[in-house]
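Undergrad: here's my sequence, what's the structure:
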Amino acid sequence: MKEKIKGKIKGTAWGIISSLAAVAVWVIISAAFGLLAGLAGVGLGILFLMSYRKNNPYDKSKYPYVFAGVLMLAEIALAELIVAAFLAAAGGAGLTGALTVPGAAVTLITDMITGTVLAYGAYAAYILVNRRKGRPDGADEPAADTAGKKKKIFLISAVRDKLSGAANIIKRGNYRVACSALIMGSGQLLYKQWAKGVLYLIIQLLAPAFFIWRGGAMIAGFFTLGTVEGNQWFGVEGDNSVAMLIMGIFAIIVLILYFALYTANIKDVYETQRRLGEGKAPAGFVQDVKELLDKKFHKTALFIPVIGVGVFNVLPIIFMILIAFTNYGGDIVPPALVDWSGLVSFEKIMSLGQFAPTFVKILGWNFVWAVLATALNYFGGLGLALLYNKKCVRGKAFWRAFPILAYAVPGFISLLAFKFMFSYGGPVNQMIIDSGKKAIGFLDLDAKWSARAIGLAVNAWISIPTSMLLATGILSNMNRDLYEAARIDGASPFRQFISLTLPFVLFATTPVLITSFIGNFNNFGIFYFLRGGLYMDGYFLASDTDLLINWLYNLSIDNNYYSIGAAISLVIFIITSLISLTVYIKSPSYKQEDTFR
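TA: Okay, here's the model as predicted:
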């Protein structure tokens with residue numbers, strides 16, 4: 001008995017000693033790599049200072065040397081902070097998690113990347129200053145003359161301008177710009193812009209702190225989607241893959257925002273250098289605040305809305321897109337672990353027997369519906385507007401009130417009213433029965449085209465008033481002399497409509513027409529209220545009137561096929577985006593913008 005106890009104590013002691021030894025060895029290895037990373041930055045940072053003193057004899061201040069010591073220590077500390085962040089992220093539980101083989105690999109690679117980044121940063125600073133060729137501090141080269149250059153495609157031009165701006169900063173920036181490139185706010189502090197420098201420095205400190213505290217683990221969870229599966233019977237909480245995906249997206253957005261602020265910090269210091277080179281005073285914190293309330297008020301006004309759009313629109317869209325590349329759905333829902341599955345969901349839609357035929361049928365009907373509904377609504381509204389513009393029509397205000405009242409009634413009420421009208425107990429079938437005939441199932445399972453026609457009619461009832469009001473406003477701005485000249489030339493009313501009215505209205509309403517097409521393509525409510533919940537033979541969880549958006553709802557909400565639904569939504573997005581961009585770029589509204597001005 002005593003030997004068993006001694007054996008247990010001995011085994012426990014050796015376990016503790018071996019664990020402590022492993023931790024100590026790992027700490028030493030990690031510190032060594034972090035120290036090497038910092039020393040690499042220190043060595044090339046010294047070269048940077050030597051080169052600066054050699055090539056900038058005009059600057060006799062001691063600031064570069066005083067700041068150099070702080071800079072070197074900060075580089076070492078930054079290397080260790082990054083290492084610590086990835087130590088926490090690798091295992092999700094701090095240092096003990098990093099003792100695993102994946103954790104060790106991640107940390108070693110991170111240390112090497114950290115050293116490379118710091119060394120390259122110091123080397124870039126060295127090259128940056130060496131290219132100044134002894135110019136006085138604050139001097140700047142004249143801006144390149146870009147007048148007369150041919151315009152290129154917008155995207156290529158924007159990328160070229162960004163690269164050109166970065167090249168200018170690298171070529172012309174002084175040592176203060178290089179300092180801000182390594183530590184945010186340091187350049188502002190060297191220019192004695194204390195408020196801005198302190199704010200940027202706080203951001204520099206808070207960002208690594210966030211990623212050490214939670215951000216690193218969030219990003220690691222984004223890639224792993226959890227490692228511990230929950231089990232309610234055994235009281236194991238486990239990882240929530242969906243929550244980890246959302247938080248990972250959030251952490252990546254924070255990281256992108258940090259890099260955006262990092263870039264803004266460098267641009268701000270370079271702008272201060274440029275102003276001094278032109279003999280102007282650097283912009284102070286108070287002046288920047290005044291500009292944000294005056295010349296740049298649009299940025300101030302849009303700041304909170306942009307944050308709101310990012311949180312409530314962009315984040316869910318990115319989440320939905322990423323869900324399409326996972327196996328989330330069916331039996332694989334939390335507490336079960338979700339995993340990345342690549343393009344499997346898209347392969348199922350295109351090739352699997354139960355999904356592919358349904359997808360092809362619904363996609364074909366979706367295009368037919370979108371074209372017919374858009375054309376009916378557009379030309380129906382334009383026809384009413386032309387009719388009410390005729391001088392022979394009396395009581396125009398009275399007649400215009402009816403479409404407006406139809407528009408004012410909530411859409412779902414109109415849909416339910418039409419559903420009741422064409423049901424077996426509705427007024428339409430009651431009139432049919434009264435005439436001695438049998439009731440007709442306008443919305444039954446076998447009522448394919450009658451249900452589709454009712455859907456078009458209901459959609460027209462709801463949407464034509466909008467088109468009519470829009471066309472009425474546009475027609476009131478037309479030049480009536482054109483019609484007088486056309487009548488003198490012998491043009492018929494139809495020819496006047498084709499050659500004068502339609503081009504003018506189309507030119508002004510092309511963006512609205514595209515929006516109407518996209519809205520009809522994704523019109524969920526029409527057939528959900530008319531025939532929602534019907535599943536038919538030859539369709540997988542759908543009916544012959546369902547659109548892609550309705551099928552998506554049936555798959556994801558009613559039957560837990562979340563990844564398939566997300567893949568379908570991504571297909572819808574690609575289709576509608578391509579159609580919208582192609583139609584708009586080819587339209588006169590884009591090509592001939594000045595035609596009707």
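
Undergrad: what about the protein, any weak spots by pLDDT?
TA: 1-165, 171, 352-353, 591-597 (pLDDT under 70).

Undergrad: quick check: the residue most central in space within it vs Phe420, distance?
TA: The chain has Val314 as the residue nearest its centroid, 4.3 Å off, counting by C-alpha atoms, centre = their mean. Here Val314 is placed at a distance of 40 Å from Phe420 (C-beta to C-beta, to the nearest Å). Placement of C-beta: from N, CA and C, glycine included.

Undergrad: same check on Ile321?
TA: Taking C-beta to C-beta as the measure, Ile321 falls 39 Å from Phe420.

Undergrad: likewise Asp288?
TA: For Asp288, the distance to Phe420 equals 62 Å [C-beta to C-beta].

Undergrad: between these two, who's got more neighbours?
TA: Set side by side, Asp288 and Phe420 show more neighbours around Asp288, with 15 against 12, by other C-beta atoms under 10 Å.

Undergrad: show residues contacting the helix or strand containing that one.
TA: Under the criterion of DSSP states H and E, Asp288 resides in helix 285-292. In this structure, residues lying in contact with helix 285-292 by C-beta atoms under 8 Å, 6 or more residues apart in numbering are Gln193, Trp194, Ala195, Lys196, Ala283, Lys299, Thr300.

Undergrad: so Gly442 touches Lys419, yeah?
TA: Small correction: residue 442 is Phe, not Gly. No: using C-beta atoms under 8 Å, Phe442 is not in contact with Lys419; the gap is 9.4 Å.

Undergrad: can you give me the helices in the stretch 451-597 of the chain?
TA: Using DSSP state H, counting those that start in this stretch, the helices found in the stretch 451-597 of the chain span residues 480-488, 493-496, 502-521, 525-531, 548-553, 562-586, 588-591.

Undergrad: export the third one to CSV, keeping only CA atoms.
TA: These are the backbone C-alpha positions of helix 502-521, laid out as CSV (Å, rounded to 0.1, in the frame of the first residue of the first chain):
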residue,chain,number,x,y,z
LEU,A,502,-39.1,55.9,-74.3
PRO,A,503,-35.4,56.9,-74.7
PHE,A,504,-35.9,59.9,-72.4
VAL,A,505,-37.6,57.9,-69.7
LEU,A,506,-35.2,54.9,-70.0
PHE,A,507,-32.2,57.2,-69.8
ALA,A,508,-33.5,58.7,-66.5
THR,A,509,-34.8,55.5,-65.0
THR,A,510,-32.2,52.8,-66.0
PRO,A,511,-30.8,52.6,-62.4
VAL,A,512,-34.4,52.3,-61.1
LEU,A,513,-35.2,49.7,-63.7
ILE,A,514,-32.1,47.6,-62.6
THR,A,515,-33.2,47.9,-59.0
SER,A,516,-36.7,46.8,-59.9
PHE,A,517,-35.3,43.8,-61.7
ILE,A,518,-33.1,42.8,-58.7
GLY,A,519,-36.0,43.3,-56.4
ASN,A,520,-38.3,41.1,-58.5
PHE,A,521,-35.5,38.5,-58.8
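
Undergrad: and that helix with helix 562-586, angle?
TA: For helix 502-521 against helix 562-586, the angle by axes from the mean of the first three to the mean of the last three C-alpha atoms, to 10 degrees is 180 degrees.

Undergrad: helices or strands up against helix 502-521?
TA: Applying 3 or more C-beta pairs under 8 Å, 6 or more residues apart in numbering; DSSP states H and E, we find helix 502-521 packed against helix 356-389, helix 448-475, helix 562-586, helix 588-591.

Undergrad: same deal with the longest one?
TA: In terms of contact count using 3+ C-beta pairs under 8 Å, 6+ apart, helix 562-586 is assigned the packing partners helix 315-323, helix 344-351, helix 502-521, helix 548-553.
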